[in-house]
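*Asks:* kindly return the folded structure for what I paste below:
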Amino acid sequence: MGKRSNALRFKLLLGAILGALVVWSVLWFVAATFVDRQIERAERGAYSGGALAECTRRSVTGFPFRIEVRCGEDTRIGNGTTTVTLGGLTVVAQVYNPSRLLAEIASPAQVATYGAAPVIAEWSLAHASARLNLKRHALDRLDAELLDVTFETLGGAAVDIGKVVANIRRNPDTPADLDIALRLDDLQPVEGGEPVHIAFRGRVGDGASLLAGSPDALMVSLLADGLPIVIDAATAESGGMKLAASGDVVLGADGRLNGEIDVAIAGYDNDVPYVERVAPEAGKTVTSVLNNVLSFAPETTIDERKARKVTFRIRDSQVVAGFVPLFTVPPLSLARR
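*Replies:* Predicted coordinates for the structure are as follows:
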């Protein structure tokens, strides 16, 4: 009797496991079919809206625990004036955690804009992760990293970047705002030049609506009170020279900027990077003028290095240092619907 009871339990357990596997398999294929149809619907929607979205040689795999969408070479996205052609795209989601997406983009990419020469980008690695807010149908956070990037125009010079790291997220304290962080390491705008390291961390008021693919709130804020842009920290370093900036600016409905930015400069007594490459005859003059101007600026520090601070005031896009007008930033052309 005991042996029959144990055998029955084993058979019931085995049947339950087989039943669960069948149910899971059916659910996975239903989810894969749903994803495939949604991609196809998105492609048709893009075409009907005058845009371009084409996932070539599309496949949906990853059974049993992942949904993995693969797009082949010559996958394209565009908006009518600009088309981006990719070497391939892979997007992965875990079935048990659909709110987290991982993506990898295959090199190269070509950006073709009407009236401009195509730009070709190549890299050794390009991947990203996204956290979705399924209730809001929006992104909460996007993190991306590119390694060994080269931008090149057909027949033009190449620009190399060792590493690019970008992070955007909904501000945790003010959910309507968008946090942006960007870092470029070993940027080489001119072949043989000193590497440049650039970092930016800031916030765009009412910018979080972009994460939902709806810029309406952003445009309403812009047209009503202007768009606030907070520069928490921005740095640029090359050779022995380093700049650090912070401040607040507002982009108005007329496309003009207003605000104030503090810029600290260290290592300005050495040669200014890239000046002699752009204008060889002006290198010593620029260094001399910069030393004379900064000698009257208040002292500060950057990473414990002695520096001088200059405050730039921006009024209707005209940049002024003290009482001296420097230059005017071209107004940003804003499309209105």
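
*Asks:* going forward, measure contacts and count neighbours with C-alpha atoms only.
*Replies:* Fine.

*Asks:* Three-state assignment for the spatially closest residue to D248 that is not a sequence neighbour, please.
*Replies:* Take D248 and drop its neighbours on the chain: the residue closest to it by Cα to Cα, 6 or more residues apart in numbering is V230, 4.7 Å away. Using DSSP: H, G, I helix; E, B strand; the rest coil, the three-state assignment for V230 comes out as strand.

*Asks:* so V230 makes contact with G202?
*Replies:* Yes: shown here, V230 and G202 form a contact pair, counting by Cα atoms under 8 Å, at 5.4 Å.

*Asks:* the residue nearest to D248: what's it in contact with?
*Replies:* Taking Cα atoms under 8 Å, 6 or more residues apart in numbering as the definition of contact, the neighbours of V230 are G202, R203, V204, S246, G247, D248, V249.

*Asks:* next secondary structure after the helix or strand where the last one lies?
*Replies:* According to DSSP states H and E, V249 maps onto strand 241-251. Towards the C-terminus, the helix or strand next in line after strand 241-251, according to DSSP H and E, is strand 257-266.

*Asks:* pLDDT on that following strand, on average?
*Replies:* Within the predicted structure, the mean pLDDT of strand 257-266 is 92.

*Asks:* what angle separates the strand holding V249 from strand 257-266?
*Replies:* Calculated by axes from the mean of the first three to the mean of the last three Cα atoms, to 10 degrees, strand 241-251 forms an angle of 170 degrees with strand 257-266.

*Asks:* measure how far strand 241-251 is from the centre of its chain, please.
*Replies:* Here strand 241-251 is found 19 Å from its chain centre; the criterion is Cα atoms, centre = their mean, to the nearest Å.

*Asks:* stretch 137-150 too?
*Replies:* Between the mean C-alpha location of stretch 137-150 and the chain-wide mean there is a distance of 6 Å, by Cα atoms, centre = their mean.

*Asks:* show residues contacting that stretch.
*Replies:* Counting contacts by Cα under 8 Å, 6+ apart, the residues outside stretch 137-150 that touch it are 121-133, 158-170, 211-213.

*Asks:* which of those fall in strands?
*Replies:* Within the contacts of stretch 137-150, membership in strands is found for 121-122, 125-133, 158-170, as judged by DSSP state E.

*Asks:* select only the buried ones of those residues in PyMOL?
*Replies:* The PyMOL selection below is limited to those of the ones in strands among the contacts of stretch 137-150 classed as buried (16 or more other Cα atoms under 10 Å):
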select buried, resi 121+122+126+127+128+129+130+131+132+133+158+159+160+161+162+163+164+165+166+167+168+169+170
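
*Asks:* longest strand of the protein?
*Replies:* The longest strand of the chain (DSSP E) is strand 138-153.

*Asks:* buried residues in that strand?
*Replies:* Within strand 138-153, the residues that qualify as buried by neighbour count (16+ other Cα under 10 Å) are 138-153.

*Asks:* what about it, average pLDDT?
*Replies:* In this model, strand 138-153 has an average pLDDT of 91.

*Asks:* list the strands paired with that strand, with their directions.
*Replies:* If you go by DSSP bridges, strand 138-153 pairs up with strand 119-122 (antiparallel), strand 125-133 (antiparallel), strand 158-170 (antiparallel).

*Asks:* adding distance to D269 and mean pLDDT, write those out as JSON lines.
*Replies:* Written out in JSON lines, the entries for the strands paired with strand 138-153 read as follows (distance: least, Cα to Cα, whole Å; pLDDT from 0 to 100):
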{"stretch": "strand 119-122", "distance to D269": "36", "mean pLDDT": "92"}
{"stretch": "strand 125-133", "distance to D269": "38", "mean pLDDT": "93"}
{"stretch": "strand 158-170", "distance to D269": "27", "mean pLDDT": "94"}
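
*Asks:* same list, these, but as JSON lines with distance to R100 please.
*Replies:* Formatted as JSON lines, those follow (distance: least, Cα to Cα, whole Å):
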{"stretch": "strand 119-122", "distance to R100": "26"}
{"stretch": "strand 125-133", "distance to R100": "5"}
{"stretch": "strand 158-170", "distance to R100": "14"}
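
*Asks:* closest one to T83 among the ones you listed?
*Replies:* If you check each of these against T83 by Cα to Cα, strand 119-122 wins as the nearest, at 10.7 Å.
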